[in-house]
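Asks: let's see this in three dimensions:
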Amino acid sequence: MFGVARAGSTPGREVVAGVTTFLTMAYIVAVNPAILENAGIPIGPSFTATALVAIIGTTLMALIANRPFAIAPYMGENAFIAFTVVKGMGFPWATALAATFVAGLLFVVLTLTHVRAALANSIPTSLKSAFAVGIGLFLSLLGFAQMGIVQPGAGGALLRLGDLTQPPAVVGLLTFLVMIVLSLRKATGAILIAILVGTCAAFAFGVAKTPTSLVSAPPSLAPVFMKLDFTGVSTVAFLQVTLVVFVMAFLDTMGTLLGLAHRANMLDADGNLPDIERPLLADAVSTTVAPLLGTTVSGAYIESAAGIEAGGRTGLTALVVAGLFGLTLFLSPVFTAIPGCAYGPALVLVGVLMLGAAKNLAFDRPEELIPAFAVVSLIAFTFNIGIGMAAGFLLYPVTMAAAGRARAITGGAWAMFALSAVFFAFSLRGH
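Replies: This next block holds a predicted model:
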């Protein structure tokens with residue numbers, strides 16, 4: 001069904017990869033509800049909605065696209081809805097979800113009409129490579145933060161070195177060391193084994209508490225299910241929110257898919273992902289379903305790179321992830337007990353390996369290198385994939401035209417230039 005042998009994998013390797021991906025992204029079932037609680041969305045039903053969207057979206061990715069990519073509610077978009085749209089602009093959360101639903105419908109239409117695929121395939125190779133490098137640095141920074149190695153700075157500093165004597169940092173470093181050794185020795189399930197070792201060490205050091213119970217019933221979805229409010233649909237503000245959500249998710253999904261596909265060696269000779277419409281459709285449908293269930297934009301997760309590094313190459317990996325998210329509905333005490341210092345090292349290691357895409361950057365052509373640098377640096381420095389991508393799309397036509405290569409700029413590149421201009425014009429207004 002999944003063509004595991006054709007993909008050069010084995011069922012066992014796919015299962016290990018699925019477990020690995022899940023462990024690196026299981027935090028979303030706890031973090032997403034906590035963020036959306038700031039918008040007034042009740043945390044219990046939001047937990048259930050988060051898990052259900054991950055189950056539905058990742059299952060669609062497995063069955064429709066046969067790719068090892070997991071889907072769940074996006075970080076970043078959830079904060080935009082909670083703090084900018086609801087708290088900043090005064091929208092009720094039900095209206096914000098309605099805007100998300102409209103954006104999802106737009107995704108479905110553009111995917112079915114092959115517009116999204118055409119835009120994705122028109123992206124220059126240098127920018128596609130930059131996406132992979134930037135996402136690698138993004139993952140590494142996220143992993144270091146989870147381990148306590150990097151912390152928010154004080155006295156005007158953006159970041160600072162954490163206290164390496166604290167138990168989370170010690171556990172994280174030990175876990176990373178185990179992961180490196182096992183990976184270099186090419187041990188099967190190296191990343192997963194290291195995460196489990198790190199979790200046990202975290203329990204021993206008191207970094208994480210051993211769960212007191214194993215099973216709990218999922219909270220009712222009723223308070224948030226189908227609560228969309230289209231009252232302000234004809235207003236300019238509603239259109240603005242819809243447009244910003246659309247562009248943010250559009251850029252995040254495109255960059256994530258291309259970055260993951262690059263790491264999995266799934267891109268063709270032209271640097272495109274074959275049959276990209278299929279993963280894009282899974283993403284579009286899940287984004288449309290998410291607000292109906294009571295949560296925000298969903299899409300492919302960059303943490304899927306951990307499973308890819310563990311050997312995942314087909315939809316069987318994604319199906320395993322979906323199944324494990326199903327278990328979180330009833331075993332949330334177990335999965336939420338895994339601390340960040342145990343799975344953070346996996347994100348750092350994957351980030352290191354994704355830097356290999358840098359060899360495809362056009363170092364001898366400044367007109368292509370400058371936009372690529374903007375992508376890489378701003379994805380990492382702003383901790384936002386969409387901002388980095390948008391900056392690259394804005395700069396690319398400018399630098400290419402300045403270098404006398406305007407004829408090489410495709411119509412798709414100009415379209416992404418326009419979308420990125422909209423992104424900066426509207427989305428940053430509330431930050």
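Asks: quick check: the gap between Thr231 and Ala94.
Replies: 9 Å (C-beta to C-beta, to the nearest Å). In short, each C-beta sits where N, CA and C put it, glycine included.
Asks: before we move on, what about Ala249?
Replies: Ala249 is 19 Å from Ala94, by C-beta to C-beta.
Asks: and the two? Which one has more around it.
Replies: Higher neighbour count among Ala249 and Ala94: Ala249, with 26 against 20, using other C-beta atoms under 10 Å.
Asks: wait, what's in contact with the more buried one?
Replies: By C-beta atoms under 8 Å, 6 or more residues apart in numbering, Ala249 lies in contact with 74, 77, 103, 107, 287, 297, 299.
Asks: how far out from the middle of the chain is the helix or strand containing it?
Replies: Per DSSP states H and E, Ala249 falls inside helix 236-263. Relative to the centre of its chain, helix 236-263 is centred 11 Å away, using C-alpha atoms, centre = their mean, to the nearest Å.
Asks: which other helices and strands contact the helix or strand immediately after that helix in the chain?
Replies: Next along the chain after helix 236-263, taking DSSP H and E as the criterion, comes helix 277-293. On a contact count with 3 or more C-beta pairs under 8 Å, 6 or more residues apart in numbering; DSSP states H and E, helix 277-293 meets helix 43-60, strand 71-73, helix 93-112, helix 115-121, helix 236-263, strand 298-300.
Asks: ok now helix 277-293, how far from the chain's centre?
Replies: That offset, for helix 277-293, works out to 14 Å (C-alpha atoms, centre = their mean).
Asks: also stretch 207-217?
Replies: That offset, for stretch 207-217, works out to 27 Å (C-alpha atoms, centre = their mean).
Asks: what comes up buried for it?
Replies: Within stretch 207-217, the residues that count as buried by 16 or more other C-beta atoms under 10 Å are 207-208, 211.
Asks: can you give me how far the helix or strand Ala418 falls within is from the chain middle?
Replies: Ala418 belongs to helix 411-426 when assigned by DSSP H and E. Remark: helix 411-426 is offset 21 Å from the chain centroid, using C-alpha atoms, centre = their mean.
Asks: and stretch 13-20, by the same measure?
Replies: Centre to centre, stretch against its chain (C-alpha atoms, centre = their mean), the figure for stretch 13-20 is 18 Å.
Asks: which residues are in contact with it?
Replies: Against stretch 13-20 from outside (C-beta under 8 Å, 6+ apart): 2, 4, 68, 188-189, 191-192, 195, 306-314, 316-321, 323-324, 346.
Asks: tell me the mean pLDDT over it?
Replies: The average pLDDT for stretch 13-20 rounds to 95.
Asks: repeat for stretch 379-391
Replies: Per-residue scores along stretch 379-391 average to 82.
Asks: in it, what's buried?
Replies: 379-381, 384-391.
Asks: any chance of those in JSON lines, with secondary structure too?
Replies: Formatted as JSON lines, the buried residues of stretch 379-391 follow (DSSP: H, G, I helix; E, B strand; the rest coil):
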{"residue": "Ile379", "secondary structure": "helix"}
{"residue": "Ala380", "secondary structure": "helix"}
{"residue": "Phe381", "secondary structure": "helix"}
{"residue": "Asn384", "secondary structure": "coil"}
{"residue": "Ile385", "secondary structure": "helix"}
{"residue": "Gly386", "secondary structure": "helix"}
{"residue": "Ile387", "secondary structure": "helix"}
{"residue": "Gly388", "secondary structure": "helix"}
{"residue": "Met389", "secondary structure": "helix"}
{"residue": "Ala390", "secondary structure": "helix"}
{"residue": "Ala391", "secondary structure": "helix"}
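Asks: so which of the contacts of stretch 13-20 sit within helices?
Replies: 191-192, 195, 306-309, 316-321, 323-324, 346 (DSSP state H).
Asks: what is the burial count for the residue nearest to Pro223 when sequence neighbours are not counted?
Replies: Of all residues not flanking Pro223 in the chain, Pro45 sits nearest, at 4.7 Å (C-beta to C-beta, 6 or more residues apart in numbering). Neighbour count for Pro45, taken as other C-beta under 10 Å: 22.
Asks: ok, Pro45 to Thr100 distance?
Replies: For Pro45, the distance to Thr100 - C-beta to C-beta - is 16 Å.
Asks: got it, and Met254?
Replies: 18 Å.
Asks: what of Val178?
Replies: In terms of C-beta to C-beta, Val178 sits 40 Å off from Thr100.
Asks: looking at these two, which one has more neighbours?
Replies: Thr100 (27 against 19).
Asks: my guess is the more buried one meets Phe246, correct?
Replies: No - with contact defined as C-beta atoms under 8 Å, Thr100 does not count as touching Phe246 (9.2 Å).
Asks: residue contacts, Ala49?
Replies: 221, 224-225, 290, 293-295.
Asks: just the buried members of those residues?
Replies: Applying 16+ other C-beta under 10 Å to the contacts of Ala49 flags 221, 224, 290, 293-295 as buried.
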